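Enquirer: Take this sequence and fold it.
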Amino acid sequence: MSTLTDVPTRLTTVTSEQEAAIIVAALAGQGIKANYAGDTTANFRVGVPGKVQVYVSTADLQNAIQKLQALRETTFQELAEDEDSSPNSMPKFLRAVAVIILLLLLLIL
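Expert: Residues are numbered from 1 along each chain as shown. Predicted structure coming up:
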């Protein structure tokens, strides 16, 4: 029997399944179970993004909100910072892209 804290509650709405999958994976890494529902709408035809909702349990909602805000702040801060001073280091933007790709690959496998 489920309780009111087990009820799925919308955390956020994004424009692609890929973005939703990244959020779900990041929350899972923090111990928060999340799912998404919805779909993009014919991006290849008209370029209009759809709406994909990310859901967490009501019990995890406040924690998930904090984790999502921290994730977004960290991502934007990393992209805004200058590259490392070492000429052989990978730019932070490319590292962020690599992390996103790895998260997507983990979801596919």
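
Enquirer: separation between the residue nearest to residue 21 when sequence neighbours are not counted and residue 20?
Expert: Distance criterion CB to CB, 6 or more residues apart in numbering; nearest residue to residue 21, sequence neighbours excluded, is residue 107 at 5.1 Å. The C-beta positions use only the backbone N, C-alpha and C, and glycine is treated the same way. In this structure, residue 107 and residue 20 are 10 Å apart, going by CB to CB, to the nearest Å.

Enquirer: And those two? Which one has more around it.
Expert: Legend: neighbour count by other CB atoms under 10 Å for residue 107 and residue 20, higher for residue 20 (26 against 14).

Enquirer: Leaving out the residues flanking it, which one is nearest to the more buried one?
Expert: According to CB to CB, 6+ apart, the nearest residue to residue 20 is residue 36 (3.8 Å).

Enquirer: ranges for the strands of the chain?
Expert: Under the criterion DSSP state E, the chain contains strands at 8-14, 34-39, 51-57.

Enquirer: will you turn the ones you listed into JSON lines that also has mean pLDDT, mean neighbour count and distance to residue 99?
Expert: Output for the strands of the chain, formatted as JSON lines (pLDDT from 0 to 100; neighbours: other CB atoms under 10 Å; distance: least, CB to CB, whole Å):
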{"stretch": "strand 8-14", "mean pLDDT": "92", "mean neighbour count": "17", "distance to residue 99": "17"}
{"stretch": "strand 34-39", "mean pLDDT": "84", "mean neighbour count": "16", "distance to residue 99": "18"}
{"stretch": "strand 51-57", "mean pLDDT": "91", "mean neighbour count": "20", "distance to residue 99": "18"}
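
Enquirer: closest one to residue 27 among those?
Expert: Among those, strand 34-39 comes nearest to residue 27, with 4.5 Å by CB to CB.

Enquirer: what helices or strands is that closest one leaning on?
Expert: On a contact count with 3 or more CB pairs under 8 Å, 6 or more residues apart in numbering; DSSP states H and E, strand 34-39 meets strand 8-14, helix 17-29, strand 51-57.

Enquirer: Contacts for the longest one next, please.
Expert: Outside of helix 17-29, the residues within contact range by CB atoms under 8 Å, 6 or more residues apart in numbering are 11-12, 14, 33-36, 38-40, 52-54, 56, 64, 67-68, 71, 100, 103-104, 106-107.
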